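**Q** Provide a 3D model corresponding to the input given below.
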Amino acid sequence: MKAWQFTDTNEPLTQADLPDPVAGPGQVVVRMRAAGICHSDVGLLTDEGWLSMLAKRPIVIGHENAGEIAEVGEGVTGFAVGDRVGICPTTAAGAPGYSFDGGFAEKMVVDAQTLVPMPDGLSFAQGAAATDAGMTSHAAVITNGGVRAGDTVGIIGFGGLGQIGARVAVLAGATVYVAEVNEQVWDLARDFGVTRVEKSITDFSDVSFDVIVDFAGFGTTTADAVDVIRRDGTVVLVGMGRLESTINTKSLILNQCNLRGSNGGTKEDIAGIYSYMATGQLDPKLTEISFDEIPAGIERLHHGKVEGRLVAIFDKE
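**A** Below is the predicted model of the structure:
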């Protein structure tokens, strides 16, 4: 089978011809149909700090995956050949592309505990995007942010994660405001049901926020959220645009701000995103490329030339 392997930082991915994987006990082989490309893939290729997270080298990367079950191993129940599934990257089995060979290959063997059934009507591109971008957004807004009907919610950043997070908050019944410096996506934000868009969360001086989710994480964005959140409100930090922030402790204390980080999510978060997608009311912007274009796609993402979430399609449905 064809696969894209990572060998070392600042080295290009190498296309290899590898043996087809075989399902062991408790495992399935998934025929890959779509694989999302993430900023962490850019990080792995450009920053040696990621190397300690890899179980081996060379390794097939790709942690945001969807496909069809091609083989079922001994002891696996509840799944059958032909089932359409997404693969959760946060179970005890480990993350594809880090703990074991991932989804930038024609087939992948995974533990059955990682599988999330895809509802009918979802494209494989949607199924793949939901396993990381969708899962992370749902966890930040619903699981960790606790957003519910009637809440007033601020979303900082309207990129691949922020657009999903904003739409999830709208579908949950919240009134949603978006802070996004790129005015080219403001109309899309309004199309997603957002009430108002400004460049900074501080521009909403007339709004009292119950929850603010920072998908940008550029230090000042988080500090601004702590400054403007209502008393006893919640600020959820997801983005890692900068790895540090200087928080005004006066704002933190006087606002009794609940400041928390949100890292990934669970199978339940993926299932939640699938449920929203299945209704047709959540249809995030996706940019599709082919399997052979994966290295070029990572480079495009690195230079900020991708709209929405980038997904490689292995063959047409």
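
**Q** what residue ranges in the protein score low on pLDDT?
**A** Applying pLDDT under 70 to the chain picks out residues 316-317.

**Q** what are the ranges of the helices in it?
**A** 39-46, 124-129, 135-138, 160-171, 186-191, 220-228, 249-254, 267-278, 294-302 (DSSP state H).

**Q** Pro12: which of those helices is closest?
**A** Among the helices of the chain, the nearest to Pro12 by C-beta to C-beta is helix 294-302 (6.1 Å). Bear in mind the C-beta positions are built from the backbone N, C-alpha and C, glycine included.

**Q** re earlier: quick check: which of the helices of the chain is nearest to Arg242?
**A** helix 220-228 (8.3 Å).

**Q** where exactly do the strands run in the stretch 101-250 of the chain?
**A** 107-111, 115-117, 152-156, 175-179, 196-198, 209-214, 229-237 (DSSP state E, counting those that start in this stretch).

**Q** Adding distance to Leu259, write those out as a markdown table.
**A** As requested, those are arranged in a markdown table below (distance: least, C-beta to C-beta, whole Å):
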| stretch | distance to Leu259 |
| --- | --- |
| strand 107-111 | 35 |
| strand 115-117 | 30 |
| strand 152-156 | 13 |
| strand 175-179 | 17 |
| strand 196-198 | 22 |
| strand 209-214 | 10 |
| strand 229-237 | 5 |
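
**Q** mind putting these in CSV, distance to Leu301 and mean neighbour count included?
**A** Below are those laid out as CSV (distance: least, C-beta to C-beta, whole Å; neighbours: other C-beta atoms under 10 Å):
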stretch, distance to Leu301, mean neighbour count
strand 107-111, 21, 23
strand 115-117, 24, 19
strand 152-156, 20, 28
strand 175-179, 22, 25
strand 196-198, 24, 18
strand 209-214, 21, 26
strand 229-237, 22, 20
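
**Q** Gln27 is nearest to which of these?
**A** Closest among the strands of the stretch 101-250 of the chain, once you apply C-beta to C-beta, is strand 107-111, at 5.5 Å.

**Q** Could you list the paired strands of the closest one along with their orientation?
**A** strand 27-37 (antiparallel) (DSSP bridges).

**Q** Sort out which residues of the partner strand are buried, please.
**A** Residues Gln27, Val28, Val29, Val30, Arg31, Met32, Arg33, Ala34, Ala35, Gly36, Ile37 are the ones in strand 27-37 that count as buried (16 or more other C-beta atoms under 10 Å).

**Q** between the residues you listed, which is closest to Gly127?
**A** Nearest to Gly127 among the buried residues of strand 27-37, with distances taken as C-beta to C-beta, is Ala34, at 6.5 Å.

**Q** Show me what the closest one bridges to in the sheet.
**A** Under the criterion used (DSSP bridges), Ala34 bridges to Ala66, Ile313.

**Q** My guess is it contacts Arg309. True?
**A** No - under the criterion of C-beta atoms under 8 Å, Ala34 makes no contact with Arg309, lying 10.8 Å away.
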